[in-house]
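**Q** structure of the sequence below:
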Amino acid sequence: MKMSIGQTIEMIYQDKSGKITQRTIEVRGIRDGRIRATCLSTGVPRVFLVANILSWRPVRERQHA
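**A** Now for the predicted structure:
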């Protein structure tokens, strides 16, 4: 499974201090082992190291009834 620009994903991430968090992000760019993204819970732009992503999956869009 490949991550792509514009995709919304849920991920489990370990930061450089070892703290593990779960986030939902919208991918803005992928380059040199880094992902530029917007964290959807805070609205803040962030940069994540690909090597520190423990798990990820695409977010499925909701079906309208």
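
**Q** in this structure, where is pLDDT below threshold?
**A** Where the chain drops to pLDDT under 70, the residues are 61-65.

**Q** try 90
**A** Within the chain, the stretches with pLDDT under 90 are 1-2, 60-65.

**Q** ok, longest strand in it?
**A** Ranked by residue count under DSSP state E, the longest strand found in the chain is strand 20-31.

**Q** residues contacting that one, please?
**A** Contacts with strand 20-31, where a contact means CB atoms under 8 Å, 6 or more residues apart in numbering, come from 3-15, 35-41, 45-46, 48, 50, 54, 59. No exception for glycine: its C-beta is placed from N, CA and C like everyone else's.

**Q** among those, which lie within strands?
**A** Of the contacts of strand 20-31, the ones assigned to strands by DSSP E are 8-14, 35-39, 45-46, 48, 54.

**Q** give the ChimeraX command for selecting the buried subset of these.
**A** To isolate the buried members of the ones in strands among the contacts of strand 20-31 in ChimeraX, using 16 or more other CB atoms under 10 Å:
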select :9,11,13,35,37,48
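
**Q** which strand residues bridge the residue nearest the centre of the chain?
**A** Geometric centre of the chain, nearest residue: residue 25, 4.2 Å, by CA atoms, centre = their mean. Beta-bridge partners of residue 25, counted by DSSP bridges, are residue 9, residue 39.

**Q** and what of residue 29?
**A** residue 36.

**Q** burial check on it, number of neighbours?
**A** Look at residue 29: counted by other CB atoms under 10 Å, it has 10 neighbours.

**Q** just residue 5 next, same as before
**A** For residue 5, using other CB under 10 Å, the count is 12.
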